[in-house]
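J.: Return atomic coordinates for the entry below.
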Amino acid sequence: MSESPVRRRAVLAGTAAGVLAAAGFRPAAAQADSRSVNKQFTLTVMGTTDLHGNVFNWDYFANKEFDDSGHNDIGLAKISSLVSAVREQHGAYRTLLLDAGDTIQGTPLAYYYAKVEPITRRRVHPMAVAMNAIGYDAAALGNHEFNYGIPLLRTFEQQLRFPLLGANAIDQRTGQPAFKPYVVKTVWRTGTAPLRVGILGLTNPGIAIWDKANVEGRMTFPGLVEQAKMWVPKMRRAGVDLVVVAAHSGADTSSSYGDALPYPENAATLVAEQVPGIDAILVGHAHVEIPQRLVANKTTGKQVLITEPLFWGKRLSLLDFDLEWAPRGGWTLKASRSQVLNSNTVAEDPKIVRLLTADHAKVVTYVNSKVGTNKEAMSAATARYEDTAALDFINFVQANEVKKALPGNTLPILALAAPFNRAAAIPAGEVTIRDVAGLYIFDNTLLAVTLTGAQLKDYLEYCARYFKQVTSAGPFPADSVTNAPTTTAPNGTPDYNYDIAFGLDAPLTYDIDIAKAVGERIVGLSYAGTPVAPDQQFAVAVNNYRQSGGGGFPHISTAPVLLNQQQEIRQLMIDWVKEAGEIDPAVFGKADWRLVANGVPVVVR
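T.: Numbering: from 1, shown residues only. The predicted structure is shown next:
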């Protein structure tokens, strides 16, 4: 069929060695030979992370095979081919397979089996089907595992043939881990004692903020370092020979939520430095690629191996551990190393394709169903640096819903939205679910809070940190003015942490003067043509991620809540189009804000 997920471009070599060579595998010259008589053994641990509901190499929003500027491929069907080649080449008994979290959210496929046709005891999640078939040994919980609520997560957990680990996901009632903290895998080796590998799972403390509505009063999420210090010694006392951590927490220490929690969001390096007894960490959450990094433990001086494969199944990490056994000393780790294999070098595993093509086809049909029409094409390609109808549409729907839900409200209604997806566009003519959903790719829900004029200005000043400072009006390439690094985002502020404001019944207008210093950039902030007064009050539509503290924006998490109906913003947009029948950008699309340098409009090309 035309929407077949099988990647035609990929090369599948005839042998496992050929597959691995094409994927970028580099054999180590000093690698121990498991068949030798000197009691040496090399264990290979494979790892994925941030799969985010990707089974096939398919872009549901574009309705075609996935591709990006790096020509990466995605999905568990690709990963399965790489895993099979590694097992064939190394010997299946010498391998383990782990994941570092964020599995069941992120694609229309994940949404469909959470909301449209939710999984049950008998209806198994496609990600569970694929991961069971591939043969994972353990997975850590990611923060996005909690997006659809704990009951659905528990159903998913029950469907897995391997444990979901979360040593720092604590049952608030009992004070004990709500999920299994670690698992021990025994690798049998003829002529020696068995090798016992302890796998500790750690998740992100930010869950307490980002999914507050789902976890408050039920679970707490203490720091990774604190819990690892508790569990690693227990694992060692239980007799494990090797400790591998799967941590849904980035390697480079930082927190998007500022000081809202006492525990850092990205703490994997801190765990390696501060917790003795760990041999390696499979990192997740940050969506960056780390083939290999060695971090010295500050107590023992021992080097801890860190690796993070690229998200969505673009890469598979390989961690190799050279071990030696002695009758009195047991197993000793002699050396370790890691690398990543590229998924775009292999074809999708026919076994996974066969198992999940029917589920995939359901989702393709769903996202391509017509919901209405559009008078004029809208694109989000430039939304991060100029006012666009595409972002105004998101804000219009949010604000309009608040107006309907609060009939007695007398405050002016505003809305905030981020340019989530640069590739999003709604064409003129027929509009499908995937067209609308592409504008809002996260499963956020709608809230409304009260902000004063002074708080609104502070909020917009914080948003304006997204832009790099300039000395003229340009012209500039977009990357020269956007995604500025900050203390909380040292690699550049992501698009989703930059909000654009909108007025529903009257324009909210402002300039962002990026020739000025951070904190002094919002100029001429007005509502209905009148300067906004510091004590003026507004009802502001915002998503749950932001209202719960995501991004560390000022005032929003402590502002009085006017509305919280747990309605998904993306679904509200789809429902609005269905009800209206037609999108007319002239109704809501207006140029209310602009980027300037010393008052002169900035030109971005």
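J.: in the sheet, who's paired with N374?
T.: N374 has these beta-bridge partners by DSSP bridges: G429, I583.
J.: Number the residues from 57 up from this point.
T.: Right, with 57 as the first residue, what we last looked at is N430.
J.: which residues touch it?
T.: Each residue near N430 by CB atoms under 8 Å, 6 or more residues apart in numbering is listed here: 482-487, 491, 638-639, 641. The way it works is simple: take the backbone N, C-alpha and C, and place the C-beta from them, glycine included.
J.: Let's see that with 10 Å instead.
T.: By CB atoms under 10 Å, 6 or more residues apart in numbering, the contact list for N430 reads 449, 482-487, 491-492, 633, 638-641.
J.: Out of these, the closest to A73 would be?
T.: Taking CB to CB as the measure, A73 sits nearest to D491 out of those, at 44.6 Å.
J.: Among the contacts of N430, the buried ones, what's the PyMOL command?
T.: Applying 16 or more other CB atoms under 10 Å to the contacts of N430, the buried members can be selected in PyMOL as follows:
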select buried, resi 449+482+487+491+492+633+639+641
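J.: Now tabulate the contacts of N430 in a markdown table and tack on pLDDT and distance to F609.
T.: Shown next, in a markdown table, are the contacts of N430 (pLDDT from 0 to 100; distance: CB to CB, whole Å):
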| residue | pLDDT | distance to F609 |
| --- | --- | --- |
| F449 | 98 | 22 |
| I482 | 96 | 27 |
| P483 | 96 | 33 |
| A484 | 97 | 35 |
| G485 | 97 | 37 |
| E486 | 97 | 37 |
| V487 | 97 | 31 |
| D491 | 95 | 29 |
| V492 | 96 | 26 |
| V633 | 97 | 29 |
| E638 | 97 | 34 |
| I639 | 98 | 29 |
| D640 | 97 | 32 |
| P641 | 97 | 28 |
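J.: tell me which of the contacts of N430 is nearest to Y518?
T.: F449 (23.8 Å).
J.: That closest one is in what secondary structure piece?
T.: helix 445-461 (DSSP states H and E).
J.: what angle sits between the helix or strand just after that helix and helix 445-461?
T.: Next in sequence after helix 445-461, counting helices and strands by DSSP H and E, comes strand 469-473. Angle of strand 469-473 versus helix 445-461, following axes from the mean of the first three to the mean of the last three CA atoms, to 10 degrees, is 140 degrees.
J.: Regarding the nearest residue to P182 once chain neighbours are set aside, what is its secondary structure?
T.: Distances taken as CB to CB, 6 or more residues apart in numbering put D415 closest to P182, at 4.7 Å, once the chain neighbours are dropped. Look at D415: counting by DSSP: H, G, I helix; E, B strand; the rest coil, its state is helix.
J.: residues in contact with D415?
T.: Contacts of D415 (CB under 10 Å, 6+ apart): 111-112, 165, 168-169, 173, 179-182, 185-186.
J.: Count the residues that sit near the nearest residue to D640 once chain neighbours are set aside.
T.: Leaving aside its sequence neighbours, D640 sits nearest to K431 (CB to CB, 6+ apart; 4.8 Å). Applying other CB atoms under 10 Å, we find 13 residues neighbouring K431.
J.: For K431, give its distance to P641.
T.: 7 Å (CB to CB, to the nearest Å).
J.: which stretches of the stretch 357-506 of the chain form helices?
T.: Ranges of helices in the stretch 357-506 of the chain, per DSSP state H, counting those that start in this stretch, are 406-423, 445-461, 489-493.
J.: and the longest one, average pLDDT?
T.: Average pLDDT, helix 406-423: 98.
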